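K.L.:
structure of the sequence below:
(one chain, ligands or ions: 1)
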Amino acid sequence: RENYLTLADGQQMPQEGFGLYKVDGQETMTAAIQHAYADGYRLFDTAQLYGNEAAVGTALKQLSLPRDELFVTTKVAEENQGYDRTIASVKDSLQKLQLDYVNLLLVHWPIERAFFETWRAFEDLKKAGLTRSIGVSNFEMIHLQYLATQAHELPVVDQVELHPLLTQKPLLKFNRDHQIVTQAWSPLGRGAVLSQDVLKQIADQHHKSPAQVILRWHLQNGVSFIPKSVHEARIAQNADIYDFTLSAGEMTRIDALNNYQRTGREPELVYEYNRQY
Ligand code: A2P
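P.N.:
Numbering: from 1, shown residues only. Sure thing, here's the model as predicted:
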């Protein structure tokens, strides 16, 4: 399957990726990446915060996966924001990952003011070739607007919590209008969404599972998405979504599940920007 999105900087990113949050232990990591790669996943998404970058590096090495086929993302933790800490922590991440560069570097959470210096470091890291693309995570519109007041380059990806209970339509439109690809974390709503009757009904119609219906909904929405599972059968199932199509009516029924329900943390507000502008 060849579903790649072209980022604003010209890089190609697989639309579906494999999330590595809470994939812990070397054996589990190596097995998960091995199965995912065999099932066609090329994007692997980790973070300094996950504490598993070294395990990812070891797995990639053990499996001898071709670097130019892989798209590796990592994220700079809040405690490492600021210019010098960002540079040092990314070098440390690359060492753990046993890579010369990552494909995508994300600011993990918006920390008011600190993200300006973090972003300046990102622009320099990109120039130095330590990452191909730079983006953000958990940024709301206001954070993106505030960042844009000082950035030379805009983020090309915004990775946010996004699933049928939190459809994020206004942010999706804003990002589209600014050539930012939206990427969904917890695309399955950490499993909480899977038991919705609407999804079961639609899944039965297509002889698919509710998880596959949700991922297909993400696909047809044009966003990138990174499901996670440590179970071989689910890893395969989550990649098996390319042989059916949801109708416009089904897409709308799924959209209607939106109830603004977050499974994770709320991004903090930007007070300073509100005062100044
Ligand atoms: P597990 O790793 O035990 O398979 P999200 O990516 O939205 O955060 O959700 C991931 C959660 O959903 C994990 O707890 C994962 O558990 C579970 N999961 C992943 N794929 C499926 C699937 N196809 N069916 C049911 N649960 C799934």
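K.L.:
what about the helices in the stretch 151-277 of the chain?
P.N.:
Here the stretch 151-277 of the chain has its helices, by DSSP state H, counting those that start in this stretch, at 169-177, 197-206, 210-221, 232-239, 248-255, 271-276.
K.L.:
contacts for the longest one, please.
P.N.:
I take that to be helix 210-221. The list of residues contacting helix 210-221 from outside it, by C-beta atoms under 8 Å, 6 or more residues apart in numbering, reads 3, 15-16, 162-164, 172, 184, 187-189, 193-196, 199-200, 202-203, 206, 208, 224-225, 227, 234, 237-238, 240-241, 244-246, 251, 254. All C-beta spots, glycine's among them, are computed from the backbone N, C-alpha and C.
K.L.:
go back to those and keep what's next to the ligand.
P.N.:
When C-beta under 6 Å from any ligand atom is applied, the members of the contacts of helix 210-221 adjacent to the ligand are Pro187, Leu188, Gly189, Leu194, Pro227, Arg234, Gln237, Asn238.
K.L.:
what residues does this structure put near the ligand?
P.N.:
Contacts of the chain with the ligand, taken as C-beta under 6 Å from any ligand atom, map to 19, 186-191, 194, 209, 211, 227-231, 234, 237-238.
K.L.:
which ones among those map onto strands?
P.N.:
Of the residues of the chain next to the ligand, the ones assigned to strands by DSSP state E are Gly19.
K.L.:
now the residues of the chain next to the ligand: which count as buried?
P.N.:
19, 186-190, 194, 209, 211, 227-230, 234, 237-238 (16 or more other C-beta atoms under 10 Å).
K.L.:
from the contacts of helix 210-221, keep the buried residues only.
P.N.:
15-16, 162-164, 172, 184, 187-189, 193-194, 196, 199, 202-203, 206, 208, 224-225, 227, 234, 237-238, 240-241, 246, 251, 254.
K.L.:
adding pLDDT as columns, could you present the ones next to the ligand among the contacts of helix 210-221 in a markdown table?
P.N.:
Listed next are those as a markdown table, based on pLDDT from 0 to 100:
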| residue | pLDDT |
| --- | --- |
| Pro187 | 97 |
| Leu188 | 96 |
| Gly189 | 92 |
| Leu194 | 93 |
| Pro227 | 97 |
| Arg234 | 97 |
| Gln237 | 98 |
| Asn238 | 98 |
